[in-house]
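K.L.:
okay, predicted coordinates and the sequence, questions at the end:
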Amino acid sequence: MLDPPAILTSFGLAEGMFVADLGCGTSGHFVFPAARMVGMKGKVYAIDILKSALAGIDSRRKIEGAANVEEVWADIEVYGGTKIPDNSVDRALLVNVRGKLGMLKEAWRILKNGGKLLVVDWKPTAAPFGPPTKDRRPSEATQADAAQLGYKLEKEFDAGQYHYGLIFMKA
């Protein structure tokens, strides 16, 4: 449904960048393509509140030899919850986590000035899978919250048949 390498390429990931995948999930669909793109001079923080998800990331990290991936157990809805230093990452990702205001605030905190945030989430239309339609967060709601925090919308795009994508800059 999603093409992580294509999405990350359009998001401008490059060698040496520091990236935070907030709510990375068990399989690391975006973590491992990002790790390959940033290389060994870069780093990818795989952040999740579920220890079982991080165990899945750790297993795959070992299998793939992705020494530039670091698992972080944290609540991404709590400001300062990730314990990642302020203004320290070049790119942050919120994929399929219904980017709520607290998550956007934590991403803002850890992003460098000029850093970018990628939000990919379910379109608020019925689909045979994914979260119930009533639980999906429309693009407009995420954009309003992001604008309130000072993010500048750079790009809105279709991330797939069932997903929208937004790229914001921390101005």
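P.N.:
Yep, that arrived. These figures come from a predicted structure and were not determined experimentally. Numbering: from 1, shown residues only.

K.L.:
list the buried ones in the lengthiest helix in the chain?
P.N.:
Across the chain, the longest stretch assigned as helix under DSSP state H is helix 51-64. Buried positions in helix 51-64, judged by neighbour count with 16 or more other C-beta atoms under 10 Å: 53, 54, 56, 57, 58, 60, 61. Heads up, the C-betas are built off the backbone N, CA and C, glycines and all.

K.L.:
so what touches that helix?
P.N.:
Helix 51-64 is contacted by residues 24-28, 31-32, 35, 46, 48, 66-67, 69, 71-73 when judged by C-beta atoms under 8 Å, 6 or more residues apart in numbering.

K.L.:
what is the mean pLDDT for it?
P.N.:
The average pLDDT within helix 51-64 is 97.

K.L.:
just how off-centre is it within its chain?
P.N.:
Distance of helix 51-64 from its chain centroid, counting by C-alpha atoms, centre = their mean, to the nearest Å, is 17 Å.

K.L.:
ok, then the element right after the strand ranked longest in the chain?
P.N.:
For the chain, the strand that runs over the most residues, judged by DSSP state E, is strand 111-122. For strand 111-122, the succeeding helix or strand toward the C-terminus, using DSSP states H and E, is helix 139-149.
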